[in-house]
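Q: would you be able to build a 3D model of this:
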Amino acid sequence: MKDSEKNAAHLKAEKAKDFWGTTHRLVRYMSTRSWALAGTLLMVIASTVMATIAPYILGRATTEIYQGIQEGTALREAGTVAETLPIDFDFIRNILYIVAVVYIIEAVFRYFQQFITARIAQKTVYDMRKDLKEKMSTLPIRYYDTHSNGDIMSRAVNDMDQIANTLQQSLTQFILSVVQFVTVLVIMFAIDIRLSLVTIVTVPISFLLIAYVAPKSQKQFGLQQKELGILNDQVEETYSGHTIVKTNNREEAEIEKFMVQSAKLNDASWKAQFLTGIMMPLVSFSRDLGYFGVAIVGGIGVANGTVSLGNVQAFIQYVNQFSQPVRQIANLANTIQVTIASCERVFEVLDEEPMEETHSGLEPKKRSPHKVEFEHVQFGYDNDELLMTNFNLTVKEGEMIAVVGPTGAGKSTLINLLERFYDVKGGSIRYEGIDTRDIERNDLRRKFSMVLQDTWLFNGTIWENLKYGSHDEEPSEDTILEASIAAHVDEFVRRLPDGYDTILNEEGTNISQGQRQLITIARAFLADPEILILDEATSSVDTRTEILIQRAMVKLLENRTSFVVAHRLSTIRDADKIIVMDHGDVLETGDHDGLMEQDGFYADLYNAQFQTPDAQLKAV
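A: Residues are numbered from 1 along each chain as shown. Presented below is the predicted three-dimensional model:
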């Protein structure tokens with residue numbers, strides 16, 4: 001089992017609900033590299049021990065000098081003349097050598113510890129990104145229908161970057177702080193219990209502060225990330241529709257909306273920063289109390305001869321080393337809060353239920369005469385309200401099925417069910433006699449190709465956009481060119497300065513709408529599907545391009561079963577079967593001439609398209 005699969009398995013049962021639960025979950029995510037973590041921990045302990053024993057060793061030198069001065073003073077008071085103080089400088093020199101070696105060893109351990117920790121962080125983030133990408137590819141369409149693009153992008157980009165930056169930059173410091181705290185505590189108690197108690201008596205203040213403030217500020221940081229996602233969505237929406245904004249002179253209104261949302265983000269950020277900002281002054285105050293206590297108790301001990309001056313010197317350094325981890329954690333509190341909030345948002349995506357691989361339990365129909373068959377289909381986006389209650393339709397191979405009806409009639413729902421973007425709530429949809437729920441989604445969708453009214457082209461060359469339609473990883477150049485010529489793409493591409501190497505921008509606006517549509521048709525040629533799904537593709541193009549698109553579609557439809565969602569009814573007069581839908585049900589079925597003779601719903605729709613606007617409104 002791969003690491004990502006292990007992670008998904010042991011994380012599936014939990015939900016990110018609180019600060020400590022999410023923190024524990026992130027640690028568990030890193031636990032797949034336990035050997036590396038153990039090695040890092042050992043190096044941290046070794047480097048911390050080296051740094052901690054150095055003050056004690058230096059304290060012995062201080063004690064030697066102090067005792068030498070005391071002995072020299074006593075000899076002078078006794079009348080003994082001494083040229084030098086009785087100080088063992090060889091002993092002090094050896095101590096300095098030892099301290100130098102200790103600091104060198106500490107530096108070596110710390111370097112390898114930081115290197116290994118960085119690798120752990122990078123691998124952990126890699127696994128999280130991989131799991132998030134895999135999960136997003138298995139999420140049902142319902143998730144994307146109910147979450148804005150800005151929010152999804154904020155989780156996938158902003159939150160993941162925040163986690164990556166924290167793990168790579170702050171993980172080492174956090175581990176070091178925890179180990180240093182424990183190590184210094186142990187060594188202090190080994191040297192002097194009284195001074196140790198004086199040093200740690202103020203620490204509970206810092207711990208209580210962090211334990212109380214951290215969860216509260218985490219809520220604010222969670223709100224901050226949420227408001228940031230809303231702001232990103234708003235900016236993306238305004239930017240993508242900037243032409244409409246300018247055309248309608250709505251710049252000031254959009255700026256006002258941005259300022260309102262920005263103020264909400266600023267308010268959440270200010271509250272979060274305030275809660276974490278009050279930590280540092282109080283933590284520093286507790287450290288200063290430790291200095292004061294060690295100086296008083298240690299001074300009395302030195303005067304009474306119960307404590308050596310070197311130990312007092314060492315403990316003054318230990319106060320700083322002991323409070324330093326608390327200060328570092330307080331410094332990291334801001335980053336930690338943002339990161340935990342980001343983890344929670346990412347884990348929420350990972351915890352979403354994936355698309356269900358349901359099975360119908362129905363026996364296949366052997367030698368079915370139908371390519372596609374809808375049998376008493378029931379479906380609704382809301383579990384309590386059905387859009388389709390008893391939908392029936394049979395399609396033979398090679399037939400062209402036109403689907404017409406007013407807005408909200410269920411035309412898009414029909415397409416969603418065909419491609420298994422959603423599964424039926426009742427009844428059955430069969431492909432060549434087999435219920436589509438018994439066919440893997442990928443296998444089913446390889447049999448379909450869609451040409452939609454809203455074209456989608458990615459940032460890349462025309463050649464790369466064409467190749468995207470192939471099921472083969474590396475389709476041959478001849479195959480791509482053949483599809484390009486059949487869709488009349490080759491005609492206009494040859495006239496471009498860079499030909500097929502022309503870079504399309506993100507919106508594909510450096511070519512015309514009709515040219516974009518022709519590229520999507522060429523992709524459909526390249527996919528060589530068994531069934532075509534066509535949305536109205538000529539509603540926003542000029543007459544010449546419309547003729548080219550229609551010619552390309554005629555070639556594309558040859559010997560293929562097709563579903564055509566039609567808005568302009570004049571384009572589907574030659575359909576083998578026209579399905580007239582309203583409110584999820586089929587009202588009429590037949591060819592154009594037959595439906596016109598019935599003088600029913602279809603005839604009203606068809607005639608309305610050739611009437612004046614006032615007459616069209618009356619017909620509706």
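
Q: so the closest residue to Val580 other than its chain neighbours is in which element?
A: Computed as CB to CB, 6 or more residues apart in numbering, the closest residue to Val580 that is not its neighbour in sequence is Glu588, at 4.0 Å. In this view, the C-beta of every residue, glycine as well, is placed from N, C-alpha and C. For Glu588, the host element (DSSP states H and E) is strand 585-590.

Q: which residues are in contact with that strand?
A: Applying CB atoms under 8 Å, 6 or more residues apart in numbering, the external contacts of strand 585-590 come out as 388-393, 405, 410, 577-581, 595, 598, 600-602.

Q: now do whichever helix or strand comes after that strand: everything it contacts.
A: Where DSSP H and E defines the elements, the next helix or strand beyond strand 585-590 is helix 592-598. With contact meaning CB under 8 Å, 6+ apart, helix 592-598 is reached by Ile572, Arg573, Asp574, Ala575, Ile578, Val580, Glu588, Gly590, Tyr602, Ala603, Tyr606.

Q: so which of the residues you listed sit within strands?
A: Ile578, Val580, Glu588, Gly590 (DSSP state E).

Q: OK, contacts around the second one?
A: So the one you mean is Val580. Counting by CB under 8 Å, 6+ apart, Val580 touches Val404, Gly405, Val586, Leu587, Glu588, Thr589, Leu595, Gly600, Phe601, Tyr602, Leu605.

Q: what is the longest helix seen in the chain packed up against?
A: Taking DSSP state H as the criterion, the chain has its longest helix at helix 89-138. Helices and strands touching helix 89-138, by 3 or more CB pairs under 8 Å, 6 or more residues apart in numbering; DSSP states H and E, are helix 3-11, helix 19-30, helix 34-77, helix 160-191, helix 309-350.

Q: state the mean pLDDT of the shortest one.
A: Looking back up the chat, that one is helix 3-11. Across helix 3-11, pLDDT averages out at 39.

Q: stretch 337-350 now?
A: The pLDDT scores in stretch 337-350 average 85.

Q: equivalent analysis for stretch 395-406, please.
A: Averaging pLDDT along stretch 395-406 gives 88.

Q: in the chain, which residue is most central in space?
A: Centroid-nearest residue in the chain: Ala156, 2.0 Å away (criterion: CA atoms, centre = their mean).

Q: show me what contacts the nearest residue to it once chain neighbours are set aside?
A: Distances taken as CB to CB, 6+ apart place Leu132 nearest to Ala156, at 6.3 Å, with adjacent residues excluded. By CB under 8 Å, 6+ apart, Leu132 lies in contact with Arg155, Ala156, Met160, Val346, Val349, Leu350.

Q: so Leu132 versus Leu228, what's the distance?
A: Taking CB to CB, to the nearest Å as the criterion, Leu132 is separated from Leu228 by 18 Å.

Q: element containing the nearest residue to Thr436 once chain neighbours are set aside?
A: Distances taken as CB to CB, 6+ apart put Ile429 closest to Thr436, at 4.9 Å, once the chain neighbours are dropped. According to DSSP H and E, Ile429 maps onto strand 426-431.

Q: what of Glu375?
A: For Glu375, the element it lies in under DSSP H and E is strand 372-379.

Q: give the partner strands of the following helix or strand past that strand in its sheet and their orientations.
A: Downstream of strand 372-379, the first helix or strand assigned by DSSP H and E is strand 388-395. Strands adjacent to strand 388-395 in the sheet, as given by DSSP bridges, are strand 372-379 (antiparallel).

Q: list of residues touching the strand it pairs with?
A: Identification of contacts with strand 372-379 by CB under 8 Å, 6+ apart yields 386-395, 413, 417-418, 422, 424-431, 433, 531, 561, 584.

Q: convert the C-alpha atoms of it to CSV, please.
A: Output of strand 372-379 as CSV, limited to C-alpha atoms (Å, rounded to 0.1, in the frame of the first residue of the first chain):
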residue,chain,number,x,y,z
VAL,A,372,-29.2,3.8,-24.4
GLU,A,373,-32.3,3.2,-22.5
PHE,A,374,-33.9,5.2,-19.7
GLU,A,375,-36.4,3.0,-17.7
HIS,A,376,-38.7,4.7,-15.1
VAL,A,377,-35.8,7.0,-14.0
GLN,A,378,-36.3,9.0,-10.8
PHE,A,379,-33.9,11.7,-9.9
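
Q: list the buried residues in that strand.
A: Across strand 372-379, burial judged by 16 or more other CB atoms under 10 Å covers Val372, Glu373, Phe374, Glu375, Val377, Phe379.

Q: what is the mean pLDDT for it?
A: Average pLDDT, strand 372-379: 90.

Q: that strand to strand 585-590, inter-axis angle?
A: Strand 372-379 runs at 160 degrees relative to strand 585-590, counting by axes from the mean of the first three to the mean of the last three CA atoms, to 10 degrees.

Q: residues in contact with stretch 547-563: which ones?
A: By CB under 8 Å, 6+ apart, the residues outside stretch 547-563 that reach it are 371-372, 395-401, 403, 414-415, 418, 451, 486-488, 491, 514, 517-518, 521-522, 524-525, 529-534, 537-538, 541, 571.

Q: picking that back up, just want the angle from the strand holding Glu375 to strand 426-431.
A: Going by the same axes, to 10 degrees, strand 372-379 is angled at 160 degrees with respect to strand 426-431.

Q: tell me how far strand 372-379 lies from the chain's centre.
A: 36 Å (CA atoms, centre = their mean, to the nearest Å).

Q: narrow the contacts of stretch 547-563 to those in helices?
A: Secondary structure from DSSP H places Leu414, Ile415, Leu418, Ala486, Glu491, Gly514, Gln517, Leu518, Ile521, Ala522, Ala524, Phe525 of these in helices.

Q: what's around the fifth one, how many residues?
A: The burial count assigned to Glu491 is 13, neighbours taken as other CB atoms under 10 Å.

Q: contacts only, for it.
A: For Glu491, the contacting residues are Leu548, by CB under 8 Å, 6+ apart.

Q: coming back round to it: in JSON lines, list the contacts of helix 592-598 along with pLDDT and distance to Asn266.
A: Formatted as JSON lines, the contacts of helix 592-598 follow (pLDDT from 0 to 100; distance: CB to CB, whole Å):
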{"residue": "Ile572", "pLDDT": "82", "distance to Asn266": "54"}
{"residue": "Arg573", "pLDDT": "82", "distance to Asn266": "59"}
{"residue": "Asp574", "pLDDT": "82", "distance to Asn266": "60"}
{"residue": "Ala575", "pLDDT": "86", "distance to Asn266": "57"}
{"residue": "Ile578", "pLDDT": "90", "distance to Asn266": "56"}
{"residue": "Val580", "pLDDT": "88", "distance to Asn266": "54"}
{"residue": "Glu588", "pLDDT": "87", "distance to Asn266": "57"}
{"residue": "Gly590", "pLDDT": "88", "distance to Asn266": "61"}
{"residue": "Tyr602", "pLDDT": "87", "distance to Asn266": "56"}
{"residue": "Ala603", "pLDDT": "88", "distance to Asn266": "59"}
{"residue": "Tyr606", "pLDDT": "83", "distance to Asn266": "56"}
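
Q: which one of the residues you listed sits closest to Pro55?
A: Ile572 (87.3 Å; CB to CB).

Q: report how many residues lie close to the closest residue to that closest one other than its chain neighbours.
A: Of all residues not flanking Ile572 in the chain, Ala402 sits nearest, at 3.7 Å (CB to CB, 6+ apart). For Ala402, the neighbour count with other CB under 10 Å is 23.

Q: done for today, thanks.
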